[in-house]
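> this one's structure only:
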C-alpha cells in the first residue's frame, strides 16, 4: 500500500515546524546554522569561516587551540611601544614636578623632591639619616624619573625613544619593562656600594642597559652594530671625562643590559618552545633581581663596616 505525497509546499512532518531563532537572540528568526555546532545564528552572530559561517562560541573555542604569534625572543608582537611612551611620560612628569618644587631660578639640585627621591646610599640632614641604608629603598628606582637639567632629560629621553621603541618591538612589553627596571636598579645598586654618599638622579642606568641589550640582541639577529658600538664607546668616554656624572649608574646599567639581554637573546638554546622560553626568562630575571636585593641588604655591612 502506498501513501500519497504531501501537497506542494506542505511539510512532510506531522504538524507545523517551529520557527528557528538565533541561539543568542531569541527574537530573531534565521535560516542559517553554525557549520560546527549547527546552532541557528542570525546575521549579527555570523562569523565567516572557510566553509559557511560559525557562531562566536565556536570561533572562541577554535582560537584557544591556535598558537598566538610570538617574536623571535618569545614576546607578544607589539603594535605600539606603550611601555616606552609611558616611561617617557613619567620622566617628563618627574622633571616638571621638580621645577614646581625648586627655587625661583629652577635649579633642580635645590628641589626638595630631589632631596627626597634621588639616589642616595647614606646621608644626613639636620641630624636625620637619609638614604637607602636608612630604609628608603624607593630611591633605587625613583631616581630614574628625576633629572638634573633640561639637557639631561632631553639626552636620556631621546636615547629612550630611539633604543626603547626598537627593543620593545623585539622583546615584547613584559621583557622590555623587566630590562628597563633591572637596568635602573643595577645602576643604583652599584652606586649604593661604591659611592654611597653621592646624590644622583637620572635614567642613565636604564639607558645604558638598553645600549647593552641592543648590542647583544642585535648580534643575535646579525645586524650591523657599528653605529651602536660607536655611540656606546662615546658615551663611556664621556662618563669618565665629564665631571659630576655618576659612572657607577652607567656601568651598573650596562652590565645589567649585557646580562639580561643575553638571557633574552640566547636562552634557552635550540628549538625550545614558547613556554620553556618564558619560564627560563622569568626564573633567570627573578634570580638576577634576588642578587640585587641581596646586595642591597648587605650594603650596610659594606658602607658602615
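That came in fine, so what should we check first? These figures come from a predicted structure and were not determined experimentally.
> please report how far residue 47 lies from residue 56.
Going from residue 47 to residue 56 by C-beta to C-beta, to the nearest Å gives 6 Å. All C-beta atoms are positioned from the backbone trio N, CA, C, and that covers glycine.
> please read the previous query as pertaining to residue 245.
From residue 245 to residue 56 the distance is 58 Å (C-beta to C-beta).
> more crowded one of the two?
residue 245 (18 against 14; other C-beta atoms under 10 Å).
> tell me which helix or strand that one sits in.
Secondary structure from DSSP states H and E places residue 245 outside every helix and strand.
> just give the nearest non-adjacent residue to it, would you?
With sequence-adjacent residues excluded and distances taken as C-beta to C-beta, 6 or more residues apart in numbering, residue 245 is closest to residue 239, at 5.6 Å.
> ok, the one you found - contacts?
Contact partners of residue 239, counting by C-beta atoms under 8 Å, 6 or more residues apart in numbering, are 245, 247, 250, 251.
> run through the stretch 51-200 of the chain and note the low-pLDDT ranges.
Within the stretch 51-200 of the chain, the segments meeting pLDDT under 70 span 63-70, 102-110.
> quick one: the strands in it?
53-54, 123-125, 128-130 (DSSP state E, counting those that start in this stretch).
> of those, flag the one that's most buried.
Stretch with highest mean neighbour count among the strands of the stretch 51-200 of the chain: strand 53-54 (a mean of 21; mean count of other C-beta atoms under 10 Å).
> chain center to the host helix or strand of the residue nearest to residue 245, what's the gap?
Taking DSSP H and E as the definition, residue 239 sits inside helix 226-241. Relative to its chain's centre, helix 226-241 lies at 25 Å (C-alpha atoms, centre = their mean, to the nearest Å).
> same check, this time on stretch 284-298
With C-alpha atoms, centre = their mean, you get 19 Å for stretch 284-298.
> what does stretch 28-43 give?
42 Å.
> end-to-end on that stretch?
Its first and final residues considered, stretch 28-43 spans 9 Å by C-alpha to C-alpha, to the nearest Å.
> now stretch 239-256
17 Å.
> what does the domain assignment say about this protein?
21-47, 82-304 (automatic domain parsing).
> returning to what we had before: quick one: average pLDDT of the helix holding residue 239?
Averaged across helix 226-241, pLDDT comes to 87.
> buried residues in it?
With burial defined by 16 or more other C-beta atoms under 10 Å, the residues of helix 226-241 counted as buried are 228, 231, 232, 235, 236, 239.
> which strands or helices does the helix or strand following it pack on?
Moving toward the C-terminus from helix 226-241, the next helix or strand (DSSP H and E) is helix 247-266. Here helix 247-266 touches helix 173-194, helix 204-220, helix 226-241, helix 274-304, going by 3 or more C-beta pairs under 8 Å, 6 or more residues apart in numbering; DSSP states H and E.
> and the angle for helix 247-266 with helix 173-194?
Per axes from the mean of the first three to the mean of the last three C-alpha atoms, to 10 degrees, the angle that helix 247-266 makes with helix 173-194 is 150 degrees.
> what are the buried residues along helix 247-266?
Buried, per 16+ other C-beta under 10 Å, within helix 247-266: 247-265.
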